[in-house]
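In: Show me the folded form of this:
(one chain, ligands or ions: 1)
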Amino acid sequence: MPWCEECARYFTPTAMTANGDCPSCGRHIDEAAGLSDDEKTPWHFKLLVTALIAYLGWRIIVLFV
Ligand SMILES: [Zn+2]
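Out: Predicted structure coming up:
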């Protein structure tokens, strides 16, 4: 949930402005707003998926050897 340091309170997504700004002081508080899907994906999640694919690929290779 977005936190505004200026007002020292949390805001629900519907309580913020359309741009993800604080309705009281206008500070930008929603880091997720305006980012693409790719930028929202954490790097460690991509690493986990890559490792999982490599592991499953290895298991399939072992099955046929
Ligand atoms: Zn504020």
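
In: contacts, neighbours, all on C-alpha from now
Out: Will do.

In: domains of the protein?
Out: According to automatic domain parsing, the chain comprises the domains 1-34, 35-65.

In: quick one: average pLDDT of the shortest one?
Out: So that's domain 35-65. Domain 35-65 comes out with an average pLDDT of 86.

In: Buried ones in it, by neighbour count?
Out: Residues of domain 35-65 include none that count as buried (16 or more other CA atoms under 10 Å).

In: Give me the distance from it to the chain's centre.
Out: Taking CA atoms, centre = their mean, to the nearest Å, the mean C-alpha location of domain 35-65 is offset from the chain mean by 18 Å.

In: What parts of the protein come near the ion?
Out: Residues of the chain lying close to the ion (CA under 5 Å from the ion) are 4, 6, 7, 22, 24, 25.

In: Closest one to residue 63 out of those, please.
Out: residue 4 (53.9 Å; CA to CA).
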